[in-house]
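Trainee: Starting from these lines, generate the structure:
(one chain, ligands or ions: 1)
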Amino acid sequence: MNIPCERWYGAITRRRSRRRFDGRPVEPAALERLSGLCREFAPHPEARAVVVTTTPDEVFRGLVGQYGKVKGAPAFMAFVGDTRSPHVCEKVGYLGEALVLEATALGLATCWVGGFFRPEVAARLAGAGQNERVLAVAALGYAPENWTAEERLMTGFGRTHRRKALADLVTGLDRSLWPGWVKSALEAARLAPSALNRQPWRFEVAKGAITVSVDNLNDTYGIPKRLDCGIAMLHLELGALVAGVRGTWEFLAPPRVARFTVATLPE
Ligand SMILES: Cc1cc2nc3c(=O)[nH]c(=O)nc-3n(C[C@H](O)[C@H](O)[C@H](O)COP(=O)(O)O)c2cc1C
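Mentor: Below is the predicted model:
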């Protein structure tokens with residue numbers, strides 16, 4: 001399946017993590033579209049997604065404080081990986097974000113949940129197999145347009161949505177020499193969501209390639225940073241695609257994650 005790049009790229013700036021849902025069931029047409037995507041979008045066979053139409057409330061474990069529990073979603077998506085596969089976290093992050101961006105394009109609210117959930121409950125509800133593990137889930141539903149005071153407080157009044165500047169994330173080729181696709185790719189990658197908004201990705205720009213690495217190998221809160229980096233990889237590719245550049249990914253050993261190499265440049 002070809003990546004619907006304009007549609008998903010357009011969803012990048014619209015997506016926000018929402019943690020209070022209004023409980024309305026997800027419309028059947030939207031569920032069908034997401035389930036179809038789960039079947040048809042399989043960039044890596046070791047990662048798959050399942051749409052579950054029961055409330056995930058029993059899946060979530062709440063935390064005290066602003067990084068709170070997600071409540072009231074009528075459905076969720078489980079992002080499942082084959083634990084025997086190398087680079088499974090990156091692959092699951094990449095796939096999961098495709099589902100999240102499609103849900104956003106459909107007018108749905110989402111919130112990735114990576115550490116504070118019960119994987120065994122999620123695995124049962126998603127029908128995970130013997131060698132599979134649910135690495136993360138995303139709550140799915142509708143959220144009120146106007147944020148409640150409680151939800152505002154949970155996000156530190158928007159603080160958890162702020163991103164680092166590119167200057168703090170990028171090394172390599174001087175910025176003045178970046179072609180348009182590199183700017184577009186890095187700007188999109190910078191906006192990716194990450195657990196606790198830790199933004200662990202680092203980018204090294206070379207001629208015709210961008211390498212993604214993690215800032216360090218300390219996986220805080222038991223959530224693999226490579227999952228966040230998989231999400232950023234999809235954003236980076238979408239930014240390149242809308243600038244007319246197709247590329248290929250090659251997975252790398254830690255602390256590096258993967259390298260995107262240009263395959264075709266714009267005409
Ligand atoms: C892998 C991953 C795991 C996450 N886990 C949780 C979680 O357990 N609880 C939660 O409230 N938010 C969780 N989030 C949401 C992040 O806190 C949020 O994406 C980040 O603060 C950036 O905010 P934004 O999504 O509104 O841009 C997670 C995000 C990712 C990508």
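Trainee: Do you have the helices of the stretch 101-250 of the chain handy? List them.
Mentor: Remark: helices assigned in the stretch 101-250 of the chain by DSSP state H, counting those that start in this stretch are 119-126, 149-154, 180-190, 225-242.
Trainee: between these, which gets nearest to the ligand?
Mentor: Closest of the helices of the stretch 101-250 of the chain to the ligand is helix 225-242, at 4.8 Å (criterion: Cβ to the nearest ligand atom). C-betas here are computed from N, CA, C, even on glycine.
Trainee: buried ones in the helix or strand of the chain with the lowest mean pLDDT?
Mentor: Ranked by mean pLDDT, DSSP states H and E, the helix or strand of the chain with the weakest confidence is helix 149-154, at a mean of 87. Across helix 149-154, burial judged by 16 or more other Cβ atoms under 10 Å covers 151, 154.
Trainee: CA atoms only: put that helix into PDB for me.
Mentor: The C-alpha trace of helix 149-154 is given here as PDB (Å, rounded to 0.1, in the frame of the first residue of the first chain):
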ATOM      1  CA  ALA A 149      -9.300  22.500  33.200                       C
ATOM      2  CA  GLU A 150      -8.400  19.000  34.300                       C
ATOM      3  CA  GLU A 151      -6.900  18.100  30.900                       C
ATOM      4  CA  ARG A 152      -5.100  21.400  30.600                       C
ATOM      5  CA  LEU A 153      -3.500  20.800  34.000                       C
ATOM      6  CA  MET A 154      -2.500  17.300  33.000                       C
END
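Trainee: Tell me which of the helices of the stretch 101-250 of the chain is the most buried.
Mentor: helix 225-242 (a mean of 26; mean count of other Cβ atoms under 10 Å).
Trainee: So it, near the ligand or not?
Mentor: Yes. Judged by Cβ under 6 Å from any ligand atom, helix 225-242 and the ligand are in contact via 227-228, 231.
Trainee: Can you convert the residues you listed into TSV and add a column each for pLDDT?
Mentor: As requested, these are exported to TSV (pLDDT from 0 to 100):
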residue	pLDDT
227	98
228	98
231	98
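Trainee: Mind putting those residues into CSV with distance to residue 29?
Mentor: Shown next, in CSV, are the residues of helix 225-242 next to the ligand (distance: Cβ to Cβ, whole Å):
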residue, distance to residue 29
227, 29
228, 31
231, 26
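Trainee: quick one: low-confidence parts of the stretch 151-267 of the chain?
Mentor: Applying pLDDT under 70 to the stretch 151-267 of the chain flags the ranges 266-267.
Trainee: The ligand contacts on that one?
Mentor: So the stretch 151-267 of the chain meets the ligand at 160-161, 193-197, 223, 227-228, 231 (Cβ under 6 Å from any ligand atom).
Trainee: out of those, which is most surrounded?
Mentor: Using other Cβ atoms under 10 Å as the neighbour criterion, residue 228 leads those with 30 neighbours.
Trainee: residue contacts, the residue nearest to it when sequence neighbours are not counted?
Mentor: The shortest distance from residue 228 to any non-neighbouring residue, by Cβ to Cβ, 6 or more residues apart in numbering, is to residue 194 (3.8 Å). Residues near residue 194 by Cβ atoms under 8 Å, 6 or more residues apart in numbering: 200-201, 225, 228, 231-232.
Trainee: what's the answer for residue 173, then?
Mentor: If you count contacts by Cβ under 8 Å, 6+ apart, residue 173 has them with 182, 205-207.
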